[in-house]
Structures are given as C-alpha cells and as structure tokens.
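Student: A predicted structure for the sequence below; I have some questions about it.
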Amino acid sequence: MKGSCQVCAFIHLLMGCCSPAGQRNTRQYKWMTAVSCQQWGEVAGPARVDLWVLQSSSVRVEVLTLGAIIRSVCCRGRDGRMEDVVLGYEDLEGVVRDRHLQVDCIETRNKIPYNDCYASDKRYLGAVVGRVANRIALGRFVVEGREYRLDVNNGPNALHGGLRGFNKAIWLAAAVEGGVQLSLTSPDGDQGYPGEVQVSVSYTLQGETLTAEYQARSTKTTPINLTNHSYFNLAGQGAADIYDHQVSISAPSYLPVDDSSIPTGEIRPVDNTPFDLTKPALIGPRLKELPGPGFDHNFCLSSPGEPWRERHAARVCHSASGRALEVSTSQPGVQFYTANFLDGSITGKGGARYGKHSAFCLETQNWPDAVNQPSFPNCLLRPGEDYQHVTRFTFTTA
C-alpha cells in the first residue's frame, strides 16, 4: 500500500461512472483534490465493485462501492512518510464469502444489487452501517403503535442494521466536487424496518480533512442512525496494538451498558471514572482500569433535547509517528471502540493479522437503542423530513 500512496502531481475529476477495463477519465477543475475510479472486482449476480480514490496534497483515501467502505487512508507522519492508518482487506476475496454464489438480487429504482452474500465481514471494517448503527434491544421497537421485529444478529439484539445491513449493499456511485457520493434505496420492510428509505453518503477530501455527509428520506416513520465503522491505527494499519495512542473525547457523560451491551438508560458523568477522557490519556494504561475487555461505549457529546450542531468530538495522537486524528460531528454521540473482538483471525492488507486492541473506532452516532429509550435523543425519521448529519476526520501531525 505504501507504493500507492504517492502524491498526485495533477488535478483531475472523473465524470460519471468508471470507464470500462479500469480506464480513467480526467478533467481539470479548480479544487485541489484528484478523484478517480476503477473496477476493483466482481461479485455474483454479476455485480461490479468499484474503487474510488480521493487524493489531496497530504492525504489519500480509497472508497469501495461495496458497503461504502473506506478501504484505506494514507497520511503523513512527522517524518513526512505516508502510512495507511485504516484496517481493511487486500482484495475482494477477503470481504465476500463466496464470489460465485448465485443470488436473487433486489432491484431498486437505482438498479442496485442488494443481498447478504456480498460481504461476510462481521467486523464491519470501514463500512457504512445502517439503517440503525449500534444495537437495538431484543431486535424490537414500537413506532406509532405498531411493533416491529428485526433480524437479531448480536446475541439477543439487532446490530448495525441486521443480517443484511447497508455494509453488504453495493452502492451507486457518482463523482462530486472533491469526492464521491454513494447512494442506495432500502425497500419497505428491509430487515424488518418500516418505509422505503433513500440514503446517500458523500465522502469529500479537502487538504487534511475527510468529510462524510449523510442524508436520508423515508416514506414511513422509521428509526435511522448512520455511521462509518472505520478502524484506525495511527502507527499504521499493520501495527500490533494502540496502547501507545493518546485519546481525548469531549464528552462529560457516557452510557453504562448491561451484559449484552444495551444502555441501561442511565446517563452517567465521566468524572472520577476510567471513562473520563476529557483530558488526553494513554489507551493502554486506561484499558487496564476497565472491568471489561475494553471500550465499547457511547460518549455523550450533547444532552437530550439539545439542538444538534457540529462540534469537536475527539482527538487521538500517536507520539512516535507524530500522526494525529481530530474528529468533529453534528451527531450527539460517539461510540469509542477499541477492537475488543478482533482475534487475529482476519488477514488484512499486506498480510497483517488484526488482533485484539489493534485499532480504535470513533463511530459518530445517535445514542444506542434510542428507539426504545424515550429519554435519549430522537432517532425517528418521518415522511417529509430530511435526515442529515456530517462528520469530519482531520489527519494532522503533532
């Protein structure tokens, strides 16, 4: 991957979809981000998976149409060397369960193949997850007097949209200024959720900042909570652990959880607890203070009822390389997860084996199980309303 992270010497933008046989169309534009696209592989159907590349003067990002996955982010360290800091797979074979399995695809108005056999990655490396990120207790909720039952795929609970969440869809892609917009249609009843939902996420790169903008509309009242599930290691995606990373999260409170990782309903101050990350703390020593395997908790960036606005969420710094990641978001929470369930069974880019605590996630989101917790921020999208939020990842050197 290091060899592919060279800075582009020109500015270009692909118009429309990718050209056949990996050819690239280019055109001059005023902004300093190069955007290109080429075929990455093909899954059963057949359905094509494309790789989009966003290149600024300091950061290079790869995005897949499968799962709207951020496959890699290359950024500079203090010594000027580029390194890939996002966990991911070397090729399509690592993502899908069976490229030759015949499937019955749901054809939407955008002609997007959408089936559960397109991805077998249970760790959601780099993917957009939804309709509802995180967990819904017992896979059940009531909206407008009607109970809905979802696919249960995480113990007794529904996780990240169910068995065929958005991470397993092939998204329709189109170039936008400085990046790519991916979209799909989730049909009424998809995974048990009500309403047909039109969803899009735009990834744009400007200098050191990668911006993810999410939008959705629904024909029926439905819960929705979209996020990206990238795993970061600022030492490089093949580094063994994140113990020498320093983290701070701008949250005065967090959500305690029960044995199945469902919030208890309490909003607990972080003061005098291992969850107090309002000041920078080394991850390794802090993990030793926790009763469980690691962090997998929602940190509350705002209070219920407070207007959603973009604010600083978190900062992570790796002193040895000098790389730092700043995250801001308009979402009311961020799930800080320290890859507690990676176990070395995943072979990633460059043959790297991803083990426990080999990365961290900062999943900007509404609070988990909000559809069943009346005191939590509203997660319902009603007909005629627009769902939209933004998250920015800025890669700097300390």
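Tutor: Right, received. Where do you want to start?
Student: going forward, measure contacts and count neighbours with C-alpha atoms only.
Tutor: Noted.
Student: measure stretch 205-212 end to end?
Tutor: Length of stretch 205-212, first residue to last, Cα to Cα, to the nearest Å: 9 Å.
Student: contacting residues around it?
Tutor: Residues from elsewhere that reach stretch 205-212 (Cα atoms under 8 Å, 6 or more residues apart in numbering): 32-33, 54-59, 178-179, 201-204, 390-396.
Student: repeat that for stretch 375-385.
Tutor: When contacts are defined by Cα under 8 Å, 6+ apart, stretch 375-385 is touched by residues 217-225, 265, 303-305, 332, 366-367, 370-371, 387.
Student: how about a cut-off of 10 Å?
Tutor: For stretch 375-385, contacts defined as Cα atoms under 10 Å, 6 or more residues apart in numbering pick out 132, 143, 195-197, 216-225, 265-267, 302-308, 331-333, 366-372, 387.
Student: among those, name the buried ones.
Tutor: Buried by 16 or more other Cα atoms under 10 Å: 132, 195-197, 216-225, 265, 267, 302-303, 308, 331-333, 366-372, 387, out of the contacts of stretch 375-385.
Student: off-centre distance for stretch 294-309?
Tutor: For stretch 294-309, the gap between its own C-alpha mean and the chain's C-alpha mean amounts to 17 Å (Cα atoms, centre = their mean, to the nearest Å).
Student: ranges for the strands of the stretch 251-398 of the chain?
Tutor: Shown for the stretch 251-398 of the chain, the strands assigned by DSSP state E, counting those that start in this stretch span residues 253-254, 268-269, 281-282, 296-300, 311-318, 323-329, 333-337, 346-347, 353-354, 361-365, 380-381, 387-397.
Student: ok, Gly179 - contacts?
Tutor: By Cα under 10 Å, 6+ apart, the contact set of Gly179 is 13-14, 33-36, 52-55, 61, 63, 202-206, 210-212.
Student: nearest to Pro187, of the strands of the stretch 251-398 of the chain?
Tutor: Pro187 lies closest to strand 380-381 among those, at 15.0 Å (Cα to Cα).
Student: tell me the strands beside that closest one, with direction?
Tutor: Counting by DSSP bridges, the strands paired with strand 380-381 are strand 222-223 (antiparallel).
Student: pLDDT averaged over the partner strand, what's the number?
Tutor: Mean per-residue pLDDT for strand 222-223: 98.
Student: kindly report the same for stretch 266-274.
Tutor: Mean pLDDT, stretch 266-274: 97.
Student: what is the end-to-end distance of it?
Tutor: Using Cα to Cα, the end-to-end distance of stretch 266-274 comes to 17 Å.
Student: ok, the closest residue to Trp367 other than its chain neighbours to Val35 distance?
Tutor: Nearest non-adjacent residue to Trp367, counting by Cα to Cα, 6 or more residues apart in numbering: Gly333, 5.9 Å away. Gly333 sits 31 Å away from Val35, going by Cα to Cα.
Student: for Asp151, same thing?
Tutor: Counting by Cα to Cα - Asp151 and Val35 are separated by 37 Å.
Student: more neighbours, the two?
Tutor: More neighbours surround Val35 than the other of Asp151 and Val35, with 29 against 21 (other Cα atoms under 10 Å).
Student: pLDDT wise, what is that one at?
Tutor: Val35 is given a pLDDT of 96.
Student: how about it, secondary structure?
Tutor: Three-state call for Val35 (DSSP: H, G, I helix; E, B strand; the rest coil): strand.
Student: touching, Arg268 and His297? I think so.
Tutor: No. Between Arg268 and His297 there is no contact, the gap being 11.7 Å when judged by Cα atoms under 10 Å.
Student: more neighbours: these two, which one.
Tutor: Counted by other Cα under 10 Å, Arg268 and His297 do not tie: His297 has more neighbours, with 22 against 15.
Student: what's opposite the closest residue to that one other than its chain neighbours in the beta bridge?
Tutor: With sequence-adjacent residues excluded and distances taken as Cα to Cα, 6+ apart, His297 is closest to Gln335, at 5.4 Å. Beta bridges link Gln335 to Asn298, Glu363 when assigned by DSSP bridges.
Student: measure Gln335 to Ser321 for me?
Tutor: According to Cα to Cα, Gln335 stands 25 Å off from Ser321.
Student: what's the angle from the helix or strand harbouring Val201 to strand 387-397?
Tutor: If you go by DSSP states H and E, Val201 is part of strand 197-206. Using axes from the mean of the first three to the mean of the last three Cα atoms, to 10 degrees, the inter-axis angle of strand 197-206 relative to strand 387-397 is 20 degrees.
Student: what angle separates the next helix-or-strand element following strand 197-206 from strand 323-329?
Tutor: Once strand 197-206 ends, the next helix or strand along the chain (criterion: DSSP H and E) is strand 209-218. Per the same axes, to 10 degrees, the angle that strand 209-218 makes with strand 323-329 is 30 degrees.
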